[in-house]
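Engineer: Sharing a model prediction with you, sequence too.
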Amino acid sequence: MTDPQIKLDDIPVHVAIIMDGNGRWAKKRFLPRLEGHRQGAKAVRRVVEFCRRSGIRYLTLYAFSTENWNRPEGEVSGLMKLLSQFLDSELNDLHKNDIRFRTIGETNRLPDTLVEKIDAAKSRTENNKSMNLNIALSYGGRSEIVRACCKIAQAFREGQMTLDDVDEKYFSSMLDTAGIPDPDLLIRTGGDIRVSNFLLWQLAYSELYFTNVLWPDFDDDVFSAAIQDYKSRQRRFGMVPEIKNSPWDEE
Ligand code: IPE
Ligand code: IPE
Ligand code: MG
């Protein structure tokens, strides 16, 4: 495996990942889907470590969508158990490495014991500064936007703000990702080319990278390839590229 040697000035500040393909990884090996999720948890450990080593400050991982609640009960409860085990086994290391842990999504729908563990992990790591790990759990971009609208309506009803206060910055501050910069790079594994209700607002100007690699197989080499590809992109944000001596330049 290659150790990432990435220049600090052009690496993405925030990488978001749709970790897809656990089920297919297991199916190919005639294993239960849950085994794919178990291997997927190992890949999570690898990407956190990769980001820590390469100076990527924010990592947001899509672990469970609002739509994933519609999966068979056994898979849902197995995933909840895995998430809980992940916190049990990783929290000390996350804290030791100065990583702040947060979640985005409708966490109130998660089992009480998991919510308690999440809350404890958030408060234990809230002053950590080196890196930020955000896990999207019971997360849907549409739900997040609707909940933000409700928060704004509530604040308006209570007279805490006026409609003139509502702009993109204010709206962003009402999202679950308040205070977190928008992702520079979105990676989706598993071969599908869609966003599946992930960070709909925040992805407005993210660079998108899709790979056929299934999530449990995602390693440092695949991650490095995504970063190299990102570094080759020209981000214009709707503006014109800076070309020296362009015939279009004004005198
Ligand atoms: C992603 O893997 C993990 C979750 C959505 C929880 P999948 O379980 O969607 O795997 P595939 O897409 O069926 O292979
Ligand atoms: C997206 O994967 C959600 C997560 C990775 C948590 P899905 O497997 O649920 O997405 P679709 O159904 O292929 O769009
Ligand atoms: Mg999938």
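Structural biologist: Arrived safely, thanks for sending. Keep in mind the model is a prediction, meaning the values are calculated, not measured. Ligands and ions are numbered 1, 2, ... in the order given.
Engineer: list the contacts for the residue of the stretch 51-200 of the chain found nearest ligand 2?
Structural biologist: Nearest residue of the stretch 51-200 of the chain to ligand 2 (CB to the nearest ligand atom) works out as Ser196 at 3.6 Å. C-beta here means a position set from N, CA and C on the backbone, and glycine is covered the same way. Ser196 makes contact with 18, 20, 62, 65, 67 under the criterion CB atoms under 8 Å, 6 or more residues apart in numbering.
Engineer: Redo the residues you listed as a markdown table? Include neighbour count and pLDDT.
Structural biologist: Supplementary listing: those in a markdown table, determined by neighbours: other CB atoms under 10 Å; pLDDT from 0 to 100:
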| residue | neighbour count | pLDDT |
| --- | --- | --- |
| Ile18 | 25 | 99 |
| Asp20 | 19 | 98 |
| Tyr62 | 25 | 98 |
| Ser65 | 21 | 98 |
| Glu67 | 11 | 98 |
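Engineer: quick one: Ser138 is in a strand?
Structural biologist: Yes. Ser138 sits within a strand when classified using DSSP: H, G, I helix; E, B strand; the rest coil.
Engineer: which ones are touching it?
Structural biologist: 64-66, 69, 105-107, 109-110.
Engineer: If we check ligand 2, which of those residues are in contact?
Structural biologist: Among the contacts of Ser138, proximity to ligand 2 is found for 64-65 (CB under 6 Å from any ligand atom).
Engineer: among the contacts of Ser138, which are in strands?
Structural biologist: With strands identified by DSSP state E, the entries of the contacts of Ser138 that belong to them are 64-65.
Engineer: Out of the contacts of Ser138, which is nearest to Gly191?
Structural biologist: Ser65 (17.4 Å; CB to CB).
Engineer: filter the contacts of Ser196 by proximity to ligand 1?
Structural biologist: Among the contacts of Ser196, the ones lying near ligand 1 by CB under 6 Å from any ligand atom are Asp20.
Engineer: what does the stretch 151-251 of the chain have sitting close to ligand 2?
Structural biologist: For the stretch 151-251 of the chain, the contact set with ligand 2 under CB under 6 Å from any ligand atom comprises 192, 194, 196.
Engineer: Kindly indicate which of those residues lies nearest Val76.
Structural biologist: Distance from Val76 was checked for each of these by CB to CB. The minimum falls on Ser196, at 16.7 Å.
Engineer: Just to be sure, that closest one is in a helix?
Structural biologist: No. Going by three-state DSSP, the assignment for Ser196 is coil, not a helix.
Engineer: May I ask which helix or strand encompasses the most centrally placed residue in the chain?
Structural biologist: For the chain, Thr60 is the residue whose C-alpha lies nearest the centre (CA atoms, centre = their mean; 2.1 Å). Secondary-structure element containing Thr60, defined by DSSP states H and E: strand 58-65.
Engineer: So in that sheet, which strands flank that strand, and in what orientation?
Structural biologist: On the basis of DSSP bridges, the sheet neighbours of strand 58-65 come out as strand 14-18 (parallel), strand 131-139 (parallel).
Engineer: hmm, back to that, can you list the residues of the stretch 151-251 of the chain next to ligand 2 in a markdown table and add distance to Leu94 and pLDDT?
Structural biologist: Putting these into a markdown table (distance: CB to CB, whole Å; pLDDT from 0 to 100) gives the following:
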| residue | distance to Leu94 | pLDDT |
| --- | --- | --- |
| Asp192 | 29 | 98 |
| Arg194 | 30 | 98 |
| Ser196 | 26 | 98 |
